[in-house]
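Student: Build me a structure from this.
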Amino acid sequence: MPASHNPQTIRIGLLAGEPIRLEGLTMVFEEKPAPGKTQLVPFVGTIQELLANPTVEYMVVDLNSSLGGFDTVEAVRRSRPGMRQIVIGPENEDELVLSSIVAGARAYLDSSAPPETIRQAIEIVVSGSIWAPRRLLSKLIDRLLNVPDTTAPTEPLTLTARERQVLELILTARSNREIARELGIEERTVKAHVGRLMRKAGAENRIELSMRALSGALPPNPPAGAKTHS
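Tutor: Numbers count the residues shown, from 1 in each chain. The predicted structure is shown next:
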């Protein structure tokens with residue numbers, strides 16, 4: 001679809017094998033952005049065309065109608081590691097959700113998700129966070145923090161139980177105020193936890209912190225019996 005590419009425009013590739021699914025996905029972009037907000041523009045094509053287009057920075061992959069299924073997610077990661085993927089797939093498939101995110105997806109939505117939910121998930125991914133069922137975030141962090149990091153120091157750092165809670169909420173794009181409200185602690189305490197997390201991850205901001213967490217670059221889990229500090 002024709003669109004001028006500028007700092008206020010982000011192209012979202014759409015990959016779906018069935019015309020009716022593809023038409024449904026394009027409806028997600030019909031709503032006009034608020035003044036000053038980024039314009040999200042759909043770009044339809046084959047996987048080869050989407051991967052070859054450097055202006056396509058994000059891709060929606062519909063596992064229900066993509067011929068390659070989950071292999072498509074991994075193929076995108078191998079070809080364009082920097083491309084952020086939004087995956088739409090079967091419901092109640094926890095392992096598929098986790099595998100998709102580990103393989104490079106930054107959002108996973110059930111096939112029954114309405115257009116407004118898909119739009120919200122895309123915006124969350126564009127902001128630098130992930131969209132995934134809350135019940136899976138702790139399991140996701142466990143899996144990612146256990147990925148070996150060859151650049152880690154000889155004596156690896158650890159995350160406290162509270163830092164893990166804060167990280168989990170950061171990954172769902174919660175603000176410091178929202179995190180403080182949910183955990184029942186002061187906002188300044190949240191800021192302190194976020195600061196320590198960024199220092200441990202070697203990140204300069206929350207987006208970089210999220211990306212490093214999702215790439216498995218954070219230190220391993222705290223030892224059993226570690227206490228939560230507020």
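Student: which SS class is residue 61?
Tutor: strand (DSSP: H, G, I helix; E, B strand; the rest coil).
Student: To clarify, my last question referred to residue 87.
Tutor: strand.
Student: So it is in contact with residue 108, correct?
Tutor: Yes. Using CB atoms under 8 Å, residue 87 makes contact with residue 108 at a distance of 4.9 Å. C-beta coordinates here come from the backbone N, C-alpha and C atoms, glycine included.
Student: hey, what's in contact with both of those two?
Tutor: residue 100 (CB atoms under 8 Å, 6 or more residues apart in numbering).
Student: host element of residue 101?
Tutor: helix 94-102 (DSSP states H and E).
Student: And that helix, what's buried?
Tutor: Residues of helix 94-102 classed as buried by neighbour count (16 or more other CB atoms under 10 Å): 96-102.
Student: ok, now stretch 45-55?
Tutor: Here stretch 45-55 shows 47, 50-51 as buried, counting by 16+ other CB under 10 Å.
Student: picking that back up, in CSV: the buried residues of helix 94-102, plus distance to residue 120 and pLDDT.
Tutor: Converted to CSV, the buried residues of helix 94-102 look like this (distance: CB to CB, whole Å; pLDDT from 0 to 100):
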residue, distance to residue 120, pLDDT
96, 21, 83
97, 17, 82
98, 21, 79
99, 23, 80
100, 18, 83
101, 17, 78
102, 23, 73
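Student: Out of these, which is nearest to residue 133?
Tutor: Closest approach between the buried residues of helix 94-102 and residue 133, by CB to CB: residue 97, at 6.6 Å.
Student: Surely that closest one and residue 108 touch.
Tutor: Yes. Counting by CB under 8 Å, residue 97 does reach residue 108; the two are 4.5 Å apart.
Student: before we move on, back to that, ok and the next helix or strand after the helix holding residue 101 relative to helix 94-102, angle-wise?
Tutor: Following helix 94-102 in sequence order, the next helix or strand is strand 105-110 (DSSP H and E). For strand 105-110 against helix 94-102, the angle by axes from the mean of the first three to the mean of the last three CA atoms, to 10 degrees is 150 degrees.
Student: Tell me where the chain has helices.
Tutor: Along the chain, counting by DSSP state H, helices occupy 19-26, 47-52, 70-79, 94-102, 115-126, 134-145, 161-170, 176-183, 187-201, 206-214.
Student: that older thread, any common contacting residues for residue 97 and residue 108?
Tutor: What both residue 97 and residue 108 touch, as defined by CB under 8 Å, 6+ apart, is the set 89, 132-133.
Student: Buried ones among those residues?
Tutor: Counted by 16+ other CB under 10 Å, the shared contacts of residue 97 and residue 108 give 89, 132 as buried.
Student: from the shared contacts of residue 97 and residue 108, which single one is nearest residue 123?
Tutor: residue 132 (14.9 Å).
Student: Fine, thanks again, bye for now.
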